[in-house]
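>>> Below is the sequence, then the predicted model.
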Amino acid sequence: MPSVPKKTAQTIIDSGNDYLGALKGNQSRLLAAVQAKFQAQETMFQIDKGHGRIEKRTVSISHDLTGIPDFPGLQTLIRAESERAVHRASIIEVSTETRYYVTSLTETARRLADRVRGYWGVENKVHYVRDVTPRAKMLLVFAPTGLFNVGQSHAILPSICIAIMAFKTWLKLNVSLALILTSSKTCLE
């Protein structure tokens, strides 16, 4: 999930909307304060099993902003802790991660956990389509070089075509990508 710079957060609030953004190293002062001062006021737990792994997630929220630097529209702090156990052959690899988020929303821990999880679900599906779908990388090789600078087409053309395919509600993306490979006009029609 992208971080939300102060200026962007202010623009979002001024437009009458809300934001939810990850705290990362580029906001080190705010991140350090949230890590040090976070006091959970509501917590929810989730366990997911599947694809050879078990993931335990704990999402806590706090509306106590005492000691937290000013941030436009900030209403809620979120801490998401996850523990993932991946089973590979006879080995179990366990990893843990704690992430922090800020939001202008004042929803429950469950609702905010769903929002964060929903974002990552979309992000993971996009990366799957772009990185794992058969022949997706070949699109880069056969892309017409006259449309974009080669460096730009490497990143832009697959994203444009995938977005257009999603808009057209093509369900079998590997078939769609194969069509694009055979006809550069397909994704633009």
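Received the coordinates, thanks. Numbers count the residues shown, from 1 in each chain.
>>> the helices in this structure, which residues?
Here the chain has its helices, by DSSP state H, at 6-14, 28-37, 109-131, 138-142, 150-167, 173-182.
>>> weakest of these by average pLDDT?
Lowest mean pLDDT within the helices of the chain: helix 138-142, a mean of 43.
>>> Look up the closest residue to Ser104, ignoring the ones flanking it.
Residue nearest to Ser104 in three dimensions, not counting chain neighbours: Gly73, with 3.8 Å by Cβ to Cβ, 6 or more residues apart in numbering. (Glycine included, C-beta is placed from N, CA and C.)
>>> Give the full set of residues in contact with that neighbour.
Ala9, Gln10, Ile12, Ile13, Asp18, Tyr19, Ser104 (Cβ atoms under 8 Å, 6 or more residues apart in numbering).
>>> of these, closest to Val86?
Taking Cβ to Cβ as the measure, Val86 lies nearest Tyr19 of the contacts of Gly73, at 32.3 Å.
>>> What about that closest one, how many residues nearby?
If you count neighbours by other Cβ atoms under 10 Å, Tyr19 ends up with 21.
>>> What are the phi and psi values at it?
Backbone torsions for Tyr19, taken as degrees, to the nearest 10, come to phi -130, psi 160.
>>> so it touches Ile12, yeah?
Yes: when contacts are counted by Cβ atoms under 8 Å, Tyr19 is listed as touching Ile12 (4.6 Å).
>>> shared neighbours of those two, which are they?
Shared contacts of Tyr19 and Ile12, counting by Cβ under 8 Å, 6+ apart, come down to Val4, Gly73, Ser104.
>>> ok, now which ones touch the closest residue in space to Thr96 that isn't next to it in sequence?
In space, Thr96 comes closest to Glu83 once its chain neighbours are excluded; the distance is 4.9 Å by Cβ to Cβ, 6+ apart. By Cβ under 8 Å, 6+ apart, the contact set of Glu83 is Glu55, Lys56, Val94, Ser95, Thr96.
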